[in-house]
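Participant: Sequence and predicted structure, then a few things I'm wondering about:
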Amino acid sequence: MCAVTRIIDQVRARATALFHSFWTPTPDTMRRWAVVAVAVNVLITVTGATVRVTGSGLGCPTWPRCTPDSFTPVPHPDVSVVNMLIEFGNRTLTGLVGAVAVVCVLAALRLRERRRDLVHLAWLQVAGVLLQALWGGVVVQTLLNPVTVNLHFLFSIGLIAAAYALYARSVEGDGAPQRLVHRDIRTLGFVLVAAVLVLIVAGMVVTGTGPHSGDELAGRFPFDIETVARIHADTVWIVIGLTFSLLFALHVTDAPGRARRAALVLFGVELAQGVIGYVQYFTAVPAALVAAHVLGATLVWIATLRVVYMMRSRGPLGTPAPPRETDDERTPLSASA
């Protein structure tokens, strides 16, 4: 009986701590919820890829119901029970992502020193989850058209970026951004972000052309798979070249250690992702490696964003936002601008 009481007390204590982590948040708990937001968005992106590679894209053939008569999986003559459960599981995970997004909003709103940037980024999570849920219906209604499927993935990439921005802003002050590296190196970082985004889109085209469509009824892009795979591989080398250039520039200019370490981590993640991609290509694109490659793509994206954020500073936590210029304080020139 004492053991049961201890377990109940521990559960109650953890539940209370969880509640206070967003109802009476601190900067540290805000940061933790932002990390959770990044993690669940990566998770649902990978499970979405799992749905596709297992042929479960139409496991629930209708939307928002799983079947025409039920919101939950029930036996259906035209759909495998396994595929139905996989697709329904991914849909259910949307609820978890949405719940984390709402918690991030509550935490941002209830911080003792509320910051508008955190509130806006948190609300962006909620808006993104709603968009994803609605777009999931479009994907089903279009029978997994590769354009709608790829946009679904691209929205996930955007959500991951917003979640990481929430994390990055939650661990720093609210001062005006100050460059920690040379202006040209910072520009190179932005070019790298754009290149990685192009790489992701190229990978989406390969996926929309390749064998893992998600269902036998799904359409495919009418491209030659060899051609689009080569374009994707060429883009990989461009990204790796840009990353090496950035890493070299950061080292020769004696940039802050955190920026150099972030670039080195990105370079390592890219090399690992490249290995997975080439193994995947030469082994006839096995399903497990496709899911691993999608996970790698999200990690490359996060590591790229991290490098850019590490190359500037807004001061330590507690740094106030710069005062807004009032109309009386503006010069005629600034007012006209």
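Facilitator: Cool, the structure landed. Nothing here was measured: the structure is a model prediction, and the numbers come from that model.
Participant: Strands along this structure, start to end?
Facilitator: 178-179, 312-313 (DSSP state E).
Participant: Any idea which of the ones you listed gets closest to residue 158?
Facilitator: Set against residue 158 and scored by Cβ to Cβ, these come closest in strand 312-313, at 21.3 Å. The C-beta positions use only the backbone N, C-alpha and C, and glycine is treated the same way.
Participant: helices or strands up against that closest one?
Facilitator: Judged by 3 or more Cβ pairs under 8 Å, 6 or more residues apart in numbering; DSSP states H and E, strand 312-313 is in contact with strand 178-179.
Participant: what about the strand it packs on, distance to the chain center?
Facilitator: Here strand 178-179 is found 25 Å from its chain centre; the criterion is Cα atoms, centre = their mean, to the nearest Å.
Participant: circling back: would you convert the strands of the chain into JSON lines that also reports distance to residue 248 and mean neighbour count?
Facilitator: Below are those laid out as JSON lines (distance: least, Cβ to Cβ, whole Å; neighbours: other Cβ atoms under 10 Å):
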{"stretch": "strand 178-179", "distance to residue 248": "19", "mean neighbour count": "10"}
{"stretch": "strand 312-313", "distance to residue 248": "20", "mean neighbour count": "17"}
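Participant: Mind checking these for the one nearest to residue 76?
Facilitator: Nearest of those (Cβ to Cβ): strand 312-313, 53.0 Å.
Participant: What strands line up against the closest one, and which way round?
Facilitator: Strand 312-313 has the following strand partners under DSSP bridges: strand 178-179 (antiparallel).
Participant: Quick check: mean pLDDT of the partner strand?
Facilitator: Strand 178-179 carries an average pLDDT of 92.
Participant: just stretch 277-291 next, same as before
Facilitator: 88.
Participant: What's the per-residue pLDDT of the closest residue in space to residue 177 that isn't next to it in sequence here?
Facilitator: Using Cβ to Cβ, 6 or more residues apart in numbering and skipping residues adjacent in sequence, the residue nearest residue 177 is residue 312, 4.8 Å away. According to the prediction, residue 312 has pLDDT 93.
Participant: Against residue 288, how distant is residue 312?
Facilitator: 39 Å (Cβ to Cβ, to the nearest Å).
Participant: Relative to residue 163, which of the strands of the chain is closest?
Facilitator: Taking Cβ to Cβ, strand 312-313 is the member of the strands of the chain nearest to residue 163, at 19.3 Å.
Participant: contacts for the closest one?
Facilitator: For strand 312-313, the external contacting residues (Cβ atoms under 8 Å, 6 or more residues apart in numbering) are 172, 177, 178, 179, 180, 186.
Participant: Could you do stretch 30-37 as well?
Facilitator: Taking Cβ under 8 Å, 6+ apart as the rule, stretch 30-37 contacts 21-22, 25, 100-101, 103-104, 107-108, 111, 118, 125, 163, 166-167, 170-171.
Participant: Cheers, nothing more for now.
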